[in-house]
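Asks: After the sequence you'll find the predicted model.
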Amino acid sequence: MSLLKSREAILALAIVALLAVIASRFPAFITPRNLAGVLTDTSPLILLALGQMAVILTKCIDLSVAANLALCGMIAALMDGMGVPLPLILLAVIALGAGLGAVNGLLVWRLGIPSIVVTLGTMTIYRGAIFLLTGGAWINAHQMSDAFKAFPRTVVAGLPVMAWIAIAIVAGFALLMLRTPLGRAFYAVGGNPHAAVYTGISVGRTQFAAFVLAGALAGLTGYLWVARYAVAYVDIAGGFELDVVAACVIGGIAIAGGAGSVVGAVMGALFLGIIKNALPVVGISPFWQMAISGSAILIAIAFNARANREAGRIILKQAEHRT
Amino acid sequence: MTDATVTPTGRQIPDRLVSPLARALKSWEMLLLIVAAAIFIANSLASPYFLDPWNLSDATFNFTEKAMIAFAMAMLIVAGEIDLSVGSAIALCSTVMGLAMAAGAGTPVLVLLGLGTGLACGAFNGLLVARFGLPSIVVTIGTMSLFRGISYIVLGDSAFTGYPASFAWFGQGYVFWVITVELVIFAIAAVIFGIVLHRTNFGRMVYAIGNNATAARFSGIRVERVKFILFLLTGLMSGIAAICLTSRLGSTRPSIATGFELEVVTIVVLGGISILGGSGSIPGVVIAALVMGLVTFGLGLLNVPGIVMSIIVGGLLIGVIALPRLWTMIRRR
Amino acid sequence: QDDMRIALVVKALGIGFFEAANKGAQEAAAELGGVEVIYTGPTDTTAEGQIEVINSLIAQRVDAIAVSANDTDALVPTLKKAMDRGITVISWDSGVAPEGRLMQLNPSSSPLIGNMIIKLAADNLPEGGEVAVLSATTTSTNQNTWIEEMNKVAGNYPNVKVVGTVYGDDLADKSYREAQGLMQTYPDLKAIIAPTSVGIVAAAQAVTDAGKVGQVNVTGLGLPSEMAGHVKSGASKSFAIWNPIDLGYSATMIAYHLAKGDAKAEPGATISIGRMGEVTLDDNTEAAMADPFVYDASNIDAFSSIF
Amino acid sequence: MLAETERPVLSLRGIVKTFPGVRALDGVQMDLFPGQVTALIGENGAGKSTIVKVLTGIYQPDEGQITVDGAETQFPTAQAAGDAGVTAIHQETVLFDEMTVAENIFIGHAPRGRFGLIDRKAMQDRAREILASIGADLNPATRLRDLGIASKHLVAIARALSIDARVVIMDEPTAALSHKEIAELYELVEKLKHQGKAILFISHKFDEIFRIADRWTVFRDGQFVGEGRMAGTSESELVKLMVGRAVDQIYPKRPARIGKPALTVAGYCHPTEFDEITFTLHEGEILGFYGLVGAGRSEVMQALFGITQPSKGACRIGEDVRVIRSTAQAVEAGIVYVPEDRGRQGVVKGLPIFQNVTLPSLRQTSRNGFLRLAEEFALAREYTQRLDLRAASLDQDVGLLSGGNQQKVVIAKWLATRPRVIILDEPTKGIDIGSKAAVHDFMSELAAQGLAVIMVSSEIPEVLGMSDRVIVMREGRIAAEFEGEAMTPENLVRAAVGIGAQERGEAA
Ligand SMILES: Nc1ncnc2c1ncn2[C@@H]1O[C@H](COP(=O)(O)OP(=O)(O)OP(=O)(O)O)[C@@H](O)[C@H]1O
Ligand SMILES: Nc1ncnc2c1ncn2[C@@H]1O[C@H](COP(=O)(O)OP(=O)(O)OP(=O)(O)O)[C@@H](O)[C@H]1O
Ligand SMILES: [Mg+2]
Ligand SMILES: [Mg+2]
């Protein structure tokens, strides 16, 4: 418990320190208005990181989330073009995303193919499907209805709907992870798959559920992304899957499964989001961006590993008192 | 020890129940070979341009550089680790070579620097993974950004061009008739890695570590050292690939070799190396590289867009792995 | 099957600009007769992807390749090989180094474009102010040239102060974020110049979302169909572009004549480009097709349905 | 007769279960009666754990019937078995390190509160009750990874009891427990009996079987051999049924010719694990290490083997002072270690038997770093045969062997390196009586040939039967050392639990 706390405390400190450094060069960055903007910008990353967290907890990885997002986003834009009302589009993308996740999940569950292989394959297939669907054509702002574009940016109580959606889902996820059998099953399956079978939890079915969840979130994010940036094409969110995994890792989700928290995943996403947002603002040459975020990832991993290091067993009485 | 009989001598246990040949015939490599042959035949039927030695020779560029790295990656994955930074390591190697070239270095220096930078990248990953015990998949996601990021810092929006003419040999030269230099490097690498993984003590240790690293350590194997060497090897192969690719493109930009890592991993997995570590073979990887080359070239001749090819490669990856499992599932019903 | 096969190789499939160019190429093919246009390209804007495509075109022994390059230099060895095997190679839009092609067709002349983009910004800033540039990738040849040319003539617009250049990599979301960054970094920013069709749309969207329509004007190079909404909303007062249909048409025409052998690519030569008239090659064997054309609220509707 | 009037709660008939290449169960039968303890006995690999897994829905039998209260049923999942009232303490601890004790007890059947959400408070309270009922002094909110192996086992027992069961299965439940906890377990079994539960008790320890069981069932090589009431059988009869022959001597200790010091350890310290470990081991000697489970014996041995480094201290191997920083250096110096956790630390599952055996000896079997398969097979054949390994072929995956046979592979692996000092950590834990005798005999033989042997064991008869000298550890320190006449069960236990510390007891 104390380890968990300290891991998240370190990350929270890092975020505060990061903000302080940025603020020292560019005070306007930490105005509430701008921070709200950063939160909104980071919402897709937060949503996907939560889904990815469920998957990683079960000892899997989903490299297809960004492609899933792009495909669902494109479908959303196409549906909008056909005049489908927005609520229906939302339902459709969530269902489609869940369906694409289910394909991953089924291949992992029923055929026992390692998730990294499955999602490496479906990643290209889902993205390719967008190309087949559209011949590669873009859908631009002027081809989208105003209602479609306006929904995520409508401001409610000072924050855009997009940020509210992220906040609501974070809360829902926390409840799911801590207080429902499914949430606990994610931890159990990743923590000790062997033991999970003995307690009547089906490893495959739980992994399947994680993929469906991640897929549904990717579908929802697909719509949000396309509506927010007002463009849909084959390559949107290209390479985003690595950012998502990085966010989870920075947030202390153990890549070997079974350990990690919702708070961690969200903070990991925020950490990356702040870096990405701040660099152009602080005026650091764009050519430095990549190296800086790479170093940030490495430092975060090193910190997590330190916080996580297995202390030797405590046998000596005198050692016990010291801890 | 003396050979005094201790316990009542046990029953005789046979060495093998299945002969190595019979095992090979039922292996993954055999399946891949059949797939490769089928694609070859399909290609020659589909396009009149396919069976042309020069065209086939050109086609090898689609996979040689990736496959070189795939051999080292295969060993790394057998040992239960992975390196996603290879594409970025290429960019960094190429950038360092470009810097040296701009400073007037000749081809031998460029080659040495390319190899050296590759080794340094590998050593950095190896240090973080083997020495500090960090998980390789996330370490190399980090170094993936870091290595390419350094190239961007150095190059910005400019490019290095004007490599010496003699440097062009690696990526554009021919050794004999249509046999390219790259193809020869690929073949030599295949043989060396095949021998190292399958015929040496080192290779055996790699398998042991991949199956159970703890037990391997408890058996007196220097697990960290082996892993470190594997990362070094992967870095070295990235360096060689960087030399070939830079020479072939005749220029260096920081975006060079973007996305290589996933294609390399795809070749390795298609080649039957278990992503969970502990099993797979180099011949499998060789055939998988050929399959990938044949598929992309064949579809290219039909002007199929690259993304459609990648759908097919993705489908092939899942299909080739899924089919045998589906088959046993159905048979068990 | 004695058709002449001309391959139109683009930076990446699916970009509206190149789809329009393909329309022009098909038009030229129909006009010439006996010409088959192979429209192809990688799916992401990488040099390696284009090399694979070109290798398969060489293998198919096409008659001519007209390429809009993702990288000035990286394509050269492959294109040289193509020329060695008797294929006519020209570049258009985004060029390759002279040794990799017979000639380069610029949509317009780079100095004209460089001048045009800053002029568009200046025209809407009577009392001057800060402007910033949102470019595509750091490696795109044409963007870099235009920005260079723009900086050369910046002295002619003393009121306008170019405060910085950022790169959106021709990715909608990155461009959007970079545009946001610009507005935060330079609170007094008056205009964003985006000489890329992806960047200009993203920047206009970012300005709209930031509630700065009327304060920050977005201009540069874009497609009328994609910009129509933003011109109407006022986020962009005007922007320029050449007609990509004409560009594809002209590139195909030139490739045809060179491959046929009834024109030669050497300095000073003139080549007929059908309904577009003719072009004259300069000392670098480059040619400019036409002046860029300015779109604003008065004419946007007429063009937004075309490309 | 009584048996006619009793009806079994659960009975099995004609159960067959095959794995690739192994027929683990071959038409076995078994009956469990309410309020009675049935002991299931058999050699390693007889199929005992497999039948447990069939009964708990983890494996599906290929053939055969399971009847509960006379009605035929099936257990497609572990959940289904639990619902039918069957619960088990499995041989391996199957728990979740990252979860709390309470969560481990209730995962899969947690009490629910509003909206179907897990009611954490109710869960903690009930966990506390159950733990108290088995005399385990554990906080339900601690994370499992912070517990020792014995406590973990208690959690596993609590978990089994949290399900309201009619059939309780215990697969070698005492293997990891100390005396005190074993005594508590016996009490628990009595209590369960009185509640009318049917208990299946699997053990290799005959003393405990005779103490608590009412009936017995014997399997041999996956087949049913016989069953009956405990009253009226003898140990030797059961052993004969089990092994198929009589085993006369379990502790064939030969007189030792103690030679020169082989290993001298001086003042080994570690920040948390052990303190001031000093002893000398001689050629030809078997040195027993006794202590309660968790006393830190394994940690000391692993430090000697280079897995961990001592913070202070030195060791001398033969005449030379050596610093051992890695297992590779230990092996080079001639110290080898047969670990306690053989599945994780002993064998490399996924590699064939012969490759497991030659793994530390590759230098001998290869030439210039290149493998020579013929040499490897020869070496593996020699040592596996000596240890009477049971396997289909030498290129069979070692993971397919039963626990006892895997242990033999690990021992063979080390003997093939021709070591000077061999450390055996619980060498016969979970090993059947026949193989146990073989391992003991072999150990004796090795010592007679001049090898220095350290044997860590928690079984007093084994320690006393095999050792020339015994060191007792308690809480990371050496509590006492006994030799000759002083080696009595009472002395060992007193030193281990810390009553009347004598000799070198108060080192701290
Ligand atoms: N999953 C499996 N795959 C293949 N073979 C197995 C598997 N599980 C058990 N076996 C084999 O089935 C047989 C019975 O094993 P089981 O674990 O039931 O023995 P056991 O009686 O519990 O032995 P021990 O006393 O060593 O615990 C052994 O030969 C074992 O190798
Ligand atoms: N809490 C724990 N977490 C992880 N592994 C443990 C834990 N407790 C014990 N182990 C491991 O399980 C095995 C058995 O531990 P055990 O309780 O027997 O302690 P030990 O130090 O081996 O004591 P001894 O050998 O004196 O019985 C050892 O390999 C030990 O490292
Ligand atoms: Mg067992
Ligand atoms: Mg122990």
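Replies: Structure's in. What do you need? Ligands and ions are numbered 1, 2, ... in the order given.
Asks: Tell me the residues on chain D that lie near ligand 3, please.
Replies: D:Ser49, D:Gln91 (CB under 5 Å from the ion). Placement of C-beta: from N, CA and C, glycine included.
Asks: swap the cut-off to 6 Å and go again
Replies: Applying CB under 6 Å from the ion, we find that chain D lies next to ligand 3 at D:Lys48, D:Ser49, D:Gln91.
Asks: ok, the second one - contacts?
Replies: Contact partners of D:Ser49, counting by CB atoms under 8 Å, 6 or more residues apart in numbering or on different chains, are D:His90, D:Gln91, D:Asp171, D:Ile202.
Asks: Going by distance to ligand 3, which of those wins?
Replies: For these, the closest approach to ligand 3 (CB to the ion) belongs to D:Gln91, at 4.6 Å.
Asks: My guess is the closest one contacts D:Met170. True?
Replies: No - contact criterion CB atoms under 8 Å: D:Gln91 and D:Met170 do not qualify, at 9.5 Å.
Asks: Any idea which of the residues of chain D next to ligand 3 the model trusts least?
Replies: Minimum pLDDT for the residues of chain D next to ligand 3 is recorded at D:Gln91 (77).
Asks: if we can go back for a sec, select from the residues of chain D next to ligand 3 every entry located in helices.
Replies: Mapping the residues of chain D next to ligand 3 onto helices (DSSP state H) picks out D:Lys48, D:Ser49.
Asks: Which residue ranges of chain B form strands?
Replies: With DSSP state E as the criterion, chain B has strands at B:160-161, B:174-176, B:179-180, B:251-252.
Asks: Highest mean neighbour count out of those strands?
Replies: strand B:251-252 (a mean of 27; mean count of other CB atoms under 10 Å in any protein chain shown).
Asks: and that strand, is it in reach of chain C?
Replies: Yes - judged by CB under 8 Å from any CB of the partner chain, strand B:251-252 and chain C are in contact via B:Ser251.
Asks: quick one: C:Met83 and C:Ile90 touch, right?
Replies: No - in this structure C:Met83 lies outside contact range of C:Ile90 using CB under 8 Å: 10.5 Å.
Asks: so what's in contact with these two at the same time?
Replies: C:Leu102.
Asks: In the stretch 51-200 of chain C, what residue comes closest to ligand 1?
Replies: In the stretch 51-200 of chain C, the residue that lies nearest ligand 1 is C:Glu52 (46.5 Å; CB to the nearest ligand atom).
Asks: now that residue, what's its secondary structure?
Replies: Under the three-state scheme (DSSP: H, G, I helix; E, B strand; the rest coil), C:Glu52 adopts helix.
Asks: sorry, back to before: counting neighbours, go ahead and name the busier of C:Met83 and C:Ile90.
Replies: More crowded of C:Met83 and C:Ile90, by other CB atoms under 10 Å in any protein chain shown: C:Ile90, with 27 against 16.
Asks: Now for the more buried one, which secondary structure element holds it?
Replies: strand C:88-92 (DSSP states H and E).
Asks: For the spatially most central residue of chain C, which non-adjacent residue is spatially closest?
Replies: For chain C, C:Asp93 is the residue whose C-alpha lies nearest the centre (CA atoms, centre = their mean; 5.0 Å). Distances taken as CB to CB, 6 or more residues apart in numbering or on different chains put C:Ser68 closest to C:Asp93, at 3.9 Å, once the chain neighbours are dropped.
Asks: repeat for B:Leu276
Replies: In space, and not counting its chain neighbours, B:Leu276 is closest to A:Pro114: 5.9 Å by CB to CB, 6+ apart.
Asks: Can you list phi and psi of that neighbour for me?
Replies: phi -60, psi 140 (degrees, to the nearest 10).
Asks: thought it was touching B:Gly277?
Replies: No - A:Pro114 is beyond contact range of B:Gly277, at 10.3 Å (criterion: CB under 8 Å).
Asks: one step back: so what sits against both of D:Gln91 and D:Met170?
Replies: Counting by CB under 8 Å, 6+ apart, the contacts common to D:Gln91 and D:Met170 are D:Ile202.
Asks: When those two are compared, which one has more neighbours?
Replies: Higher neighbour count among D:Gln91 and D:Met170: D:Met170, with 27 against 18, using other CB under 10 Å.
Asks: Can you give me the pLDDT of the more buried one?
Replies: Note on D:Met170: pLDDT of 92.
Asks: is it true that it lies in a strand?
Replies: Yes - applying three-state DSSP, one finds D:Met170 inside a strand.
Asks: That one and ligand 1: what is the separation?
Replies: Here D:Met170 is placed at a distance of 13 Å from ligand 1 (CB to the nearest ligand atom, to the nearest Å).
Asks: One more: A:Ser261?
Replies: Distance, A:Ser261 to ligand 1, by CB to the nearest ligand atom: 34 Å.
Asks: Do you know the pLDDT at that residue?
Replies: pLDDT for A:Ser261: 91.
Asks: likewise A:Ile113?
Replies: For A:Ile113, the pLDDT comes out at 91.
Asks: which residues touch the nearest residue to the residue of the stretch 51-200 of chain C closest to ligand 1 once chain neighbours are set aside?
Replies: Leaving out its chain neighbours, the residue that sits closest to C:Glu52 by CB to CB, 6+ apart is B:Asn62, at 6.0 Å. By CB under 8 Å, 6+ apart, the contact set of B:Asn62 is B:Met292, B:Gly293, B:Thr296, B:Phe297, B:Gly300, C:Glu52, C:Asn55.
Asks: what about the fifth one, how many neighbours?
Replies: I take that to be B:Gly300. 25.
Asks: which residues touch it?
Replies: Neighbouring residues of B:Gly300 by CB under 8 Å, 6+ apart: B:Asn62, B:Met309, C:Glu52, C:Val53, C:Asn55, C:Ser56, C:Ala59.
Asks: which residues in the chain form strands?
Replies: Using chain A here. Using DSSP E, the strands of chain A run over residues A:139-140, A:155-156, A:159-160, A:231-232.
Asks: sorry, should have said chain C
Replies: Remark: strands assigned in chain C by DSSP E are C:4-9, C:35-40, C:64-67, C:88-92, C:103-106, C:129-135, C:160-167, C:189-194, C:217-220, C:238-241, C:270-272, C:278-280, C:286-288, C:293-296.
Asks: Mind giving me the packing neighbours of the fifth one?
Replies: I take that to be strand C:103-106. Contacts defined by 3 or more CB pairs under 8 Å, 6 or more residues apart in numbering or on different chains; DSSP states H and E place strand C:103-106 against strand C:88-92, helix C:244-260, strand C:286-288.
Asks: Off-centre distance for that strand?
Replies: Here the centre of strand C:103-106 is set off from its chain's centre by 12 Å, with CA atoms, centre = their mean, to the nearest Å.
Asks: now stretch C:121-135
Replies: For stretch C:121-135 - counting by CA atoms, centre = their mean - the centre lies 22 Å from the chain centre.
Asks: Can I get that stretch as CSV, trimmed to CA atoms?
Replies: The C-alpha coordinates for stretch C:121-135 follow below in CSV (Å, rounded to 0.1, in the frame of the first residue of the first chain):
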residue,chain,number,x,y,z
ALA,C,121,-0.8,38.4,-44.6
ALA,C,122,0.3,42.0,-45.0
ASP,C,123,-2.7,43.1,-47.1
ASN,C,124,-5.0,42.4,-44.2
LEU,C,125,-2.7,44.1,-41.6
PRO,C,126,-2.8,47.8,-42.5
GLU,C,127,-1.1,48.7,-39.2
GLY,C,128,1.2,45.7,-39.2
GLY,C,129,1.9,43.2,-36.4
GLU,C,130,3.4,39.8,-35.6
VAL,C,131,2.9,36.9,-37.9
ALA,C,132,4.1,33.3,-37.6
VAL,C,133,4.5,30.5,-40.0
LEU,C,134,3.0,27.0,-39.6
SER,C,135,4.8,24.7,-42.0
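Asks: what does that stretch rub up against?
Replies: Residues outside stretch C:121-135 that contact it (CB under 8 Å, 6+ apart): C:118, C:143-144, C:147, C:150, C:157-168, C:175, C:178-179, C:182, C:186, C:188-196, C:199-200, C:202-203, C:217, C:219-220, C:237-238.
Asks: In three-state terms, how would D:Thr417 be classified?
Replies: Per three-state DSSP, D:Thr417 ends up coil.
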